[in-house]
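**Q** no sequence on this one, just coordinates:
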């Protein structure tokens, strides 16, 4: 795969995990679920079975508004009435809105919003470098939900607010942050009960998976964020990043870069840490095979390569901070700890 595409995948993953502010809002293409290659771990495609609570009546919804909420950047956002025409500018917030039962109120999304299928059919008003302000205005949007740390260009957020459109900015640097953002969005759209029910269900599922893989056996795991064929640059989870947290919850001893801001790790360091499992998170823009990894210069000395410990998962459910995280964690745990019987999906 050309190194240009690999770099784009790295920019996207770092943006989605929100650990590198410098990588937010790059010219990356969206990560889309793809068929796994190599030693594939089947990825579930269904969304969590938590059923959102029924939409409140018009009277009860009206009682929730007007409301002023502090978004993830600390901005007080006033929402005068229950939003009826919502624009979502990140794939994660699009999934959240649909899971909360507000899909029929979403009038536009960003180009990366590919799930659920109904979202993919909506107009695109943003990509990773620009936002179509005029189109959002023409759609009579009464709420825009944007991505923080540069995922949505800050100048676009300023422009929209200057036009009187409420913009709620969210970003989740941790799993706890995902739950908080779901509940914040629930408040913003008048679906507080549904949001609470969704996060309760997610916590239950993820806690059960994490509990199943606890114990003394924690294999050393390198989750590949990216690799540059031309330079040999290797990209792993940064310390305390979203991806690192997911690998740890899935039962792995996460190999990180040793830096909270950098995703690059040297080959020497990776060899020294000697991963027992190498997890390849794949998508249409980044899909190395186990055979390609094993053939990389210097990699054959690692335990994971010698013992056929290279596995493949679909990265969207793992790196996208939204309702499908339990699916991602389950698939990741199955890849890292195939010896464990995981609890049944709820």
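**A** Cool, the structure landed. None of these values were measured; they are calculated from a predicted model.
**Q** quick one: residues contacting the closest residue to residue 260 other than its chain neighbours.
**A** Leaving aside its chain neighbours, residue 260 sits nearest to residue 239 (4.7 Å; criterion: CB to CB, 6 or more residues apart in numbering). Just so you know, the C-beta spots here come from the backbone N, C-alpha and C atoms, and that holds for glycine as well. Each residue near residue 239 by CB atoms under 8 Å, 6 or more residues apart in numbering is listed here: 256, 257, 258, 259, 260.
**Q** burial of the first one, as a residue count?
**A** The burial metric for residue 256, expressed as a neighbour count using other CB atoms under 10 Å, is 22.
**Q** so how far is residue 271 from it?
**A** 15 Å (CB to CB, to the nearest Å).
**Q** of the contacts of residue 239, which one scores lowest on pLDDT?
**A** Minimum pLDDT for the contacts of residue 239 is recorded at residue 260 (92).
**Q** please name the residues that touch that one.
**A** 19, 238, 239, 240, 241.
**Q** would you format these as JSON lines with distance to residue 216 and pLDDT included?
**A** What follows is these, written out as JSON lines (distance: CB to CB, whole Å; pLDDT from 0 to 100):
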{"residue": "19", "distance to residue 216": "29", "pLDDT": "34"}
{"residue": "238", "distance to residue 216": "27", "pLDDT": "95"}
{"residue": "239", "distance to residue 216": "23", "pLDDT": "95"}
{"residue": "240", "distance to residue 216": "24", "pLDDT": "89"}
{"residue": "241", "distance to residue 216": "25", "pLDDT": "92"}
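**Q** farthest-separated two in the residues you listed?
**A** Longest distance between any two of the contacts of residue 260 is 8.6 Å, between 19 and 239; criterion CB to CB.
**Q** remind me which residues of the stretch 1-150 of the chain are low pLDDT?
**A** Along the stretch 1-150 of the chain, the parts satisfying pLDDT under 70 run over 1-62.
**Q** show me where it has its strands.
**A** 67-70, 76-79, 86-88, 106-110, 124-126, 143-147 (DSSP state E, counting those that start in this stretch).
**Q** please name the nearest non-neighbouring residue to residue 179.
**A** Closest to residue 179 by CB to CB, 6+ apart is residue 199, at 4.4 Å.
**Q** so which strand or helix has the one you found?
**A** Using DSSP states H and E, residue 199 falls within helix 192-212.
**Q** let me see the domain layout of the chain.
**A** Domain assignment of the chain by automatic domain parsing yields the ranges 3-46+215-336, 58-190.
**Q** which one of the ones you listed lies closest to residue 345?
**A** domain 3-46+215-336 (6.7 Å).
**Q** helices of the protein, start to end?
**A** Assignment of helices within the chain using DSSP state H yields the ranges 3-17, 58-63, 91-99, 117-120, 133-138, 154-162, 175-189, 192-212, 242-249, 267-273, 290-294, 303-306, 316-319, 325-336.
**Q** who's residue 235 bridged to?
**A** residue 226, residue 264 (DSSP bridges).
**Q** for the strands of the stretch 1-150 of the chain, could you give me CSV that also reports distance to residue 252?
**A** Shown next, in CSV, are the strands of the stretch 1-150 of the chain (distance: least, CB to CB, whole Å):
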stretch, distance to residue 252
strand 67-70, 35
strand 76-79, 38
strand 86-88, 32
strand 106-110, 31
strand 124-126, 34
strand 143-147, 27
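**Q** just put the ones you listed in JSON lines and tack on mean neighbour count.
**A** Below are these laid out as JSON lines (neighbours: other CB atoms under 10 Å):
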{"stretch": "strand 67-70", "mean neighbour count": "13"}
{"stretch": "strand 76-79", "mean neighbour count": "14"}
{"stretch": "strand 86-88", "mean neighbour count": "28"}
{"stretch": "strand 106-110", "mean neighbour count": "23"}
{"stretch": "strand 124-126", "mean neighbour count": "22"}
{"stretch": "strand 143-147", "mean neighbour count": "28"}
